[in-house]
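[1] give me a model of this one.
(3 chains)
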Amino acid sequence: MAAVAGWLRRAWEHDLAWSFRRSPVTILAALLTALCVGGALFAPWVAPHNPFDSATLNLSDGFTPPAWTEKGSAKYLLGTDDQGRDVLSTIIYGARISLGVGLAAVLFSALLGVSLGLVAGYLGGRLDAFIMRVADIQLSFPAILIALLIDGVARIALPREMHDALAVYVLVVAIGLSRWVDYARTVRGSTLVERNKEYVQAARVIGRHPLAIMVRHVLPNTMGPVLVIATINIATAIITEATLSFLGVGVPPTQPSLGTLIRIGNDFLISGEWWITLFPGLALVVLVLSVNLLGDWLRDALNPKLR
Amino acid sequence: MSATPLLEVKGLRVEFPTRRGTLVAVDDVSFAIAPGEVLGVVGESGAGKSLTGMAIIGLLEPPGRIAAGEIRLEGERIDNLPPERMRKIRGRRIGAIFQDPLTSLNPLYTVGDQLVETILTHLDVGKAEARVRALRLLAEVGIPAPEARIDHYPHQFSGGMRQRVVIALALCAEPRLIVADEPTTALDVSIQAQIITLLKRLARDHGTAVMLITHDMGVIAETADRVAVMYAGRIAELGPVREVIHEPRHPYTVGLMGSIPKIAGTTHHGRLAQIDGAMPRLNAIPPGCAFNPRCPKRFAPCTAERPEPLPVGNALAACWLYASERR
Amino acid sequence: MSAADRPLVRLTDAGRDFDVSRPWLNRVLEGAPRQLLRAVDGVSFDVARGETLALVGESGCGKSTVARLIVGLYPLTRGRVEFDGADLAAPGTDTPAFRRRMQMIFQDPYASLNPRWRVRDIVAEPIRVLGLAADRDAERERVAELLRQVGLAAEDGEKFPHEFSGGQRQRISIARALSGNPEFLVCDEPTSALDVSVQAQILNLMTDLQERLGLTYLFISHNLAVVSHIADRVGVMYLGRVVELAQAEQLFAAPRHPYTRMLMDAIPDLQMTGKARTPVAGEVPNPLAPPAGCAFHPRCPHADDRCRAERPTLVGPSGGAVACHAVQERRI
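    Numbers count the residues shown, from 1 in each chain, chains lettered A, B, ... in the order given. Got it, this is the predicted structure:
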């Protein structure tokens, strides 16, 4: 118990915690992010309805406007879509998929980018030149184009029946592959600096294996910027996923993400059912904005020059 | 000391407010520099010597601030001026030389452009006249073939030559005071000797006052007329350089002089006189004399009250040893 | 030669080039040739057991490169390095048993300790990698002993490097270097980043450790006063070559090479004897285009035609050798 209390006190007094406490915007962003993540994690318990349980759906409830409007129903706070699904619930479930895809894509691209950057920076030579030229070439295409390309290839390569089941994984790989360059470049840069520091030379003098030096010595000292990029990239990945889904190449409509919801709702915008697309859109903005604000704070807090 | 000092610092106190309380980095520092005099300020890293220099030229990095005391240049207070006025004084009447010559020069402009621009900013002369002056300055700081070199970029100069250019830049407006912060530390010994000789000659020829901040007692011995020894933000000893080096009064100065390895008269493989321990961190300066926990001559008053600088011979030493003598 | 009077370390004509060419694409586009920097060239010396050999010179003279060649951080381009009679380039010398015997202390105490490791892990790393402790308890015991040996407390092992001052960090570096019971320590400017009073503490510690543990030092420094204090013999380097190698007393009492004399003249005179300073002319030439003949001839007051054409070699016994035509011809 005392150990836990001591640890908590140290964490509370840590510079990071201190700068967090001093920034109301960051606290608000953290609360909103926590709300989104919590809602997404506990969707089945939090959501008022299960929008994917066709047994509870009632087509006659379709196109119910939000509760506070004239024709609204207290049963559906943010109204329903064409099939009578509760918009609030679809948003909560949609955020789950958006966040899940975003996190997984970031994890995948960070893993790939950090490993390649570390190897390129530490070993140098032709391998470095090759990896970084591939990165340069990839950077000359927009990330969304690369994701579209990978998604398209997967669509052709995979049999149709497997496609819906694997759609989410294809999406993760597509978004992940379009973003690894950020990590590779950053980690390579810090590795080039750390590699020449004397503690790395000291480890070489006692004959440590290069892989052990990379993982045990260099890697922990390059993680600061990676953390910042990863946080900001979660927001980017969520946007990319939403864009792909909006274009209709993302997750299937049976498992809608926020992007899919916006696309579906878009069809009804002209006919006056604005709530079907507006609320998922707002949810996306709030989620991305708060993650971005967290990332900005983390970048400033970890920057020794701004401390 | 002459009757009208060029620079007078009285009771200077520099503070850094932090979340864990206020750190006092420079505490009650007073000294004066006469025209044509070189005052050496020596001390270990963290002793507050550079911050004292920064406070004088008005370039303290926030959140650092002057909390007490006054700085007078030719009788005029300069510690409380608005930044715009201070900026004018800094170019015109105070010149600054820093440790790293590369960061003091703009890599995108030729040496000549930078010199001419500085001269035009501060002096009422035409462009042609400014270039003539720039050439004369380059020749004066010992750059060979100044006509050829004036249109070169900083990266085309070697480290020693670059530091000469920085000195020329500091001299552009014929300042009354030069604050030189570790001007030779980044240079090799042979180049260091050239720069020392140059600084000394400039002070003598132009009657410029020089505040020479360094950690290297050897540089002080070669260049300075008087020396202030700083410890934990305070002046421990201040006096004529010969007296401080040959006959140090403050126990810290005694220890410092003993710990410098010397070529002549070294007892080979013997031990150097060492001061045990380390200078206290700013958040843990002991009460009384800041040096007392490490002092071999500590006695009762040292832990109780902070000693004022007291005259000993021609020097001042902030040490209770010399107070008890008089009592 | 018996093992006892065989030199511990012997460099024979050691050399190291660095490829400082522009990247391949630039070379092709700009037609620039490959460029080699001769950082170290034709360096030969012995280090006897228990002695301290110092290498001095200005920045870029190659002294740190020599240090790194010996501990194997750079491979040799030319020549050979022997440790206790074994060629370090030969197979079989890259074993933990061999690695253990030589260690290195670095200049910058802020860069030589991994900021994310605890001090006990930093000190114990060589013990673990070289497999020198039977178990965790033995390792912990050894780390505590090492920390006490360099004047720190065993409890300091729990802290992180940023909690220590520069001098204390250098003590940690020394503890780490000693953890494998080495015979030979290569010290690359170990005190130049420290304040003088702390430098005195570290120099005294190194002297004590040498007496107690019978260590052999190769001490790299640009500071002649420090070198005169700690060294038995001194090698003066200029542009990648040793120009004078002599017993310390002899070198400092009567320097023979014009460059050594110039260095001695340039040291600030702390005694304030009021001696006239001979202004030192010129700077170290660009190592990419070193002068022909003796590399020092453009700055040398005694240079003649032979100096400009023919490179002098280090001649004389190991107690007092000098590479200078003028000295060898008895002109100076």
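[2] make it CA atoms for all contacts and neighbour counts henceforth
    Fine.
[3] quick one: the helices in the chain?
    Here I'm looking at chain A. Assigned by DSSP state H, the helices in chain A fall at A:2-13, A:15-21, A:24-41, A:43-46, A:87-123, A:125-139, A:143-157, A:160-177, A:180-195, A:198-205, A:210-212, A:223-246, A:258-269, A:275-302.
[4] that's the wrong chain, I meant chain C
    Counting by DSSP H, the helices of chain C are C:24-30, C:63-71, C:96-99, C:119-129, C:136-149, C:166-178, C:196-213, C:224-230, C:248-253, C:258-266, C:305-309, C:325-328.
[5] need those helices in CSV with distance to residue B:200 and mean neighbour count, can you?
    Putting these into CSV (distance: least, CA to CA, whole Å; neighbours: other CA atoms under 10 Å in any protein chain shown) gives the following:
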stretch, distance to residue B:200, mean neighbour count
helix C:24-30, 46, 11
helix C:63-71, 32, 23
helix C:96-99, 51, 16
helix C:119-129, 46, 22
helix C:136-149, 46, 17
helix C:166-178, 32, 25
helix C:196-213, 24, 20
helix C:224-230, 23, 23
helix C:248-253, 27, 19
helix C:258-266, 15, 20
helix C:305-309, 35, 15
helix C:325-328, 34, 18
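[6] what number of residues lie near residue 152?
    I went with chain A, as the question did not name one. 14 (other CA atoms under 10 Å in any protein chain shown).
[7] oops, I was thinking of chain C
    With other CA under 10 Å as criterion, residue C:152 counts 17.
[8] would you double-check that residue B:70 falls in a strand?
    Yes - according to DSSP: H, G, I helix; E, B strand; the rest coil, the state of residue B:70 is that of a strand.
[9] and it, how many residues sit next to it?
    Counted by other CA under 10 Å, the residues lying close to residue B:70 total 20.
[10] low pLDDT regions in chain B?
    Applying pLDDT under 70 to chain B picks out residues B:1-3, B:264-269, B:324-327.
[11] same thing but at 80, please
    Residues of chain B meeting the criterion pLDDT under 80: B:1-4, B:19-20, B:100-103, B:186-187, B:189-191, B:194, B:263-270, B:324-327.
[12] show me where it has helices.
    Using DSSP H, helices in chain B cover B:49-56, B:83-92, B:101-104, B:111-122, B:127-140, B:146-149, B:159-171, B:189-206, B:217-223, B:241-246, B:251-259, B:300-304, B:320-326.
[13] and the fifth one, what other elements does it pack with?
    If you count contacts as 3 or more CA pairs under 8 Å, 6 or more residues apart in numbering or on different chains; DSSP states H and E, helix B:127-140 packs onto helix B:111-122, helix B:146-149, helix B:159-171.
[14] rewinding a little: for the helices of chain C, give me TSV that also has mean pLDDT and distance to chain B.
    Formatted as TSV, the helices of chain C follow (pLDDT from 0 to 100; distance: least, CA to the nearest CA, whole Å):
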stretch	mean pLDDT	distance to chain B
helix C:24-30	78	20
helix C:63-71	94	14
helix C:96-99	80	28
helix C:119-129	94	19
helix C:136-149	94	15
helix C:166-178	94	8
helix C:196-213	93	5
helix C:224-230	91	5
helix C:248-253	91	7
helix C:258-266	89	5
helix C:305-309	93	22
helix C:325-328	92	22
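[15] mind putting those into JSON lines with distance to residue C:159?
    Shown next, in JSON lines, are those (distance: least, CA to CA, whole Å):
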{"stretch": "helix C:24-30", "distance to residue C:159": "46"}
{"stretch": "helix C:63-71", "distance to residue C:159": "29"}
{"stretch": "helix C:96-99", "distance to residue C:159": "27"}
{"stretch": "helix C:119-129", "distance to residue C:159": "6"}
{"stretch": "helix C:136-149", "distance to residue C:159": "12"}
{"stretch": "helix C:166-178", "distance to residue C:159": "11"}
{"stretch": "helix C:196-213", "distance to residue C:159": "21"}
{"stretch": "helix C:224-230", "distance to residue C:159": "31"}
{"stretch": "helix C:248-253", "distance to residue C:159": "40"}
{"stretch": "helix C:258-266", "distance to residue C:159": "42"}
{"stretch": "helix C:305-309", "distance to residue C:159": "57"}
{"stretch": "helix C:325-328", "distance to residue C:159": "55"}
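[16] residue A:186: which of these is closest?
    Minimum separation from residue A:186 across the helices of chain C (CA to CA) falls at helix C:24-30, 23.1 Å.
[17] that closest one vs chain A: in contact?
    No - judged by CA under 8 Å from any CA of the partner chain, helix C:24-30 stays clear of chain A, getting no closer than 10.5 Å.
[18] with just CA atoms, put that helix into CSV.
    The C-alpha trace of helix C:24-30 is given here as CSV (Å, rounded to 0.1, in the frame of the first residue of the first chain):
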residue,chain,number,x,y,z
TRP,C,24,27.4,8.7,-53.9
LEU,C,25,24.7,10.6,-55.9
ASN,C,26,26.4,13.9,-55.3
ARG,C,27,29.7,12.5,-56.4
VAL,C,28,28.2,11.3,-59.6
LEU,C,29,26.4,14.5,-60.3
GLU,C,30,29.1,16.9,-59.3
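[19] how near is the residue nearest to residue B:135 when sequence neighbours are not counted to residue A:173?
    Leaving aside its chain neighbours, residue B:135 sits nearest to residue B:146 (6.0 Å; criterion: CA to CA, 6 or more residues apart in numbering or on different chains). Distance from residue B:146 to residue A:173, counting by CA to CA, to the nearest Å: 62 Å.
[20] what's the neighbour count on residue A:222?
    Residue A:222 has 20 neighbours, counted by other CA under 10 Å.
[21] swap in the one 4 residues further on?
    Residue crowding around residue A:226 was assessed by other CA under 10 Å; the count is 19.
[22] just residue A:171 next, same as before
    27.
[23] contacting residues around it?
    Contact partners of residue A:171, counting by CA atoms under 8 Å, 6 or more residues apart in numbering or on different chains, are A:101, A:147, A:151, A:241, A:250, A:251.
[24] ok, residue B:100 next?
    B:163, B:183, B:186.
[25] residues of chain B that sit close to chain C?
    Within reach of chain C by CA under 8 Å from any CA, chain B has these residues: B:44-45, B:188-194, B:215, B:217-219, B:221-222, B:242, B:245-246, B:255-256, B:259-263, B:266-276, B:278.
[26] thanks a lot, see you next time.
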